[in-house]
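Participant: have a look at this prediction, sequence included:
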Amino acid sequence: MTQFSANLGFLWTELPLPDAIRAAAAAGFEAVECHWPYETPAEDVRMALHETGLPMLALNTVRGDAGQNGLSALPDRQEQAQHAIDQAIGYARRIGVSKIHVMAGIAQGAKAHDTFVANLRYACGAAVAHGITILIEPLNAHDAPGYFLNTLAQAANIIAEVERDNLKLMFDCYHVARTEGDVASHLQEYLPMIGHIQFASVPERAQPDGGDLDYAEIFALLDRLGWDQPLGAEYRPSRETGVGLGWMQTLRAD
Ligand SMILES: O=C(O)C(=O)[C@@H](O)CO
Ligand SMILES: [Mg+2]
């Protein structure tokens, strides 16, 4: 049966993170994930996870200064990028997170590629002893102009070059639909390298029961393919988060 993870970077953002975890549990989510939890004491998050029994699946490395969207592909920022990776691993260990999205940043060209590969090797090396998987995520140019990582093929090349078992693809159906189309075929093609899947309606990035992409079909396909990890609901609610959750019943494959 499909399971869902509430992305608390977009859902229940009006609540402090520990209360957002409680709201997600009360709404029936099987897991949570977040973007940048660093201002919330890890102990408060750990307590809320313990109290609700929900796992926190993933978090992101910091974006960096205003206007940046990650540091790991920025030539000449390697020290800060590795500090961000260490910070994410430290926080993840305190709350029991097993996946970290290492954000590339706004960059392009061969030097950015080499820097990203080097920082990902650093991240994988630092994470492996703690059972943590590193994720990279292609973002579409409409939402993330100038972002270094845009396509599944680019991500697959980087994963092959880094050559570490704990480096995986974050497959965000919304970004893939906006950039490359045919989400169903791409899911099947890239399944072996996927570490986490996220979703939102296309093109609005709202609840998944609207828009151009039929998530009932996508979730049924994932079920048939044997995907058994919670899928990340990473959308911007068009109303209050708690009143737009009917899709959890109507789209769930079982
Ligand atoms: O924007 C997305 O999509 C994400 O998954 C974030 O983690 C990165 O901004
Ligand atoms: Mg995403």
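Facilitator: Done, it's in. Ligands and ions are numbered 1, 2, ... in the order given.
Participant: the protein against ligand 2: which residues are in contact?
Facilitator: 172, 198, 234 (C-beta under 5 Å from the ion). Backbone N, C-alpha and C define where each C-beta goes, glycine included.
Participant: let's have these in JSON lines, adding neighbour count, distance to L213 and secondary structure.
Facilitator: Below are the residues of the chain next to ligand 2 laid out as JSON lines (neighbours: other C-beta atoms under 10 Å; distance: C-beta to C-beta, whole Å; DSSP: H, G, I helix; E, B strand; the rest coil):
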{"residue": "D172", "neighbour count": "23", "distance to L213": "12", "secondary structure": "strand"}
{"residue": "Q198", "neighbour count": "23", "distance to L213": "13", "secondary structure": "strand"}
{"residue": "E234", "neighbour count": "25", "distance to L213": "14", "secondary structure": "coil"}
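Participant: how about those residues in JSON lines, adding pLDDT and distance to ligand 1?
Facilitator: Output for the residues of the chain next to ligand 2, formatted as JSON lines (pLDDT from 0 to 100; distance: C-beta to the nearest ligand atom, whole Å):
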{"residue": "D172", "pLDDT": "98", "distance to ligand 1": "5"}
{"residue": "Q198", "pLDDT": "98", "distance to ligand 1": "6"}
{"residue": "E234", "pLDDT": "98", "distance to ligand 1": "6"}
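Participant: closest to A206 out of those?
Facilitator: Comparing the residues of the chain next to ligand 2 against A206 with C-beta to C-beta picks out E234 as the nearest, at 11.1 Å.
Participant: surely the closest one meets S201?
Facilitator: No - with contacts counted by C-beta atoms under 8 Å, E234 stays clear of S201, the gap being 11.1 Å.
Participant: where do the contact lists of these two overlap?
Facilitator: With contacts defined as C-beta atoms under 8 Å, 6 or more residues apart in numbering, the residues shared by E234 and S201 are Y174.
Participant: contacting residues for G232?
Facilitator: G232 sits in contact with 4-5, 7, 33, 57-58, 172, 196-199, where contact means C-beta under 8 Å, 6+ apart.
Participant: and the residues you listed, which are buried?
Facilitator: 4-5, 7, 33, 57-58, 172, 196-199 (16 or more other C-beta atoms under 10 Å).
Participant: residue ranges in the stretch 51-200 of the chain under the pLDDT threshold?
Facilitator: Judged by pLDDT under 70, the stretch 51-200 of the chain has no weakly predicted residues.
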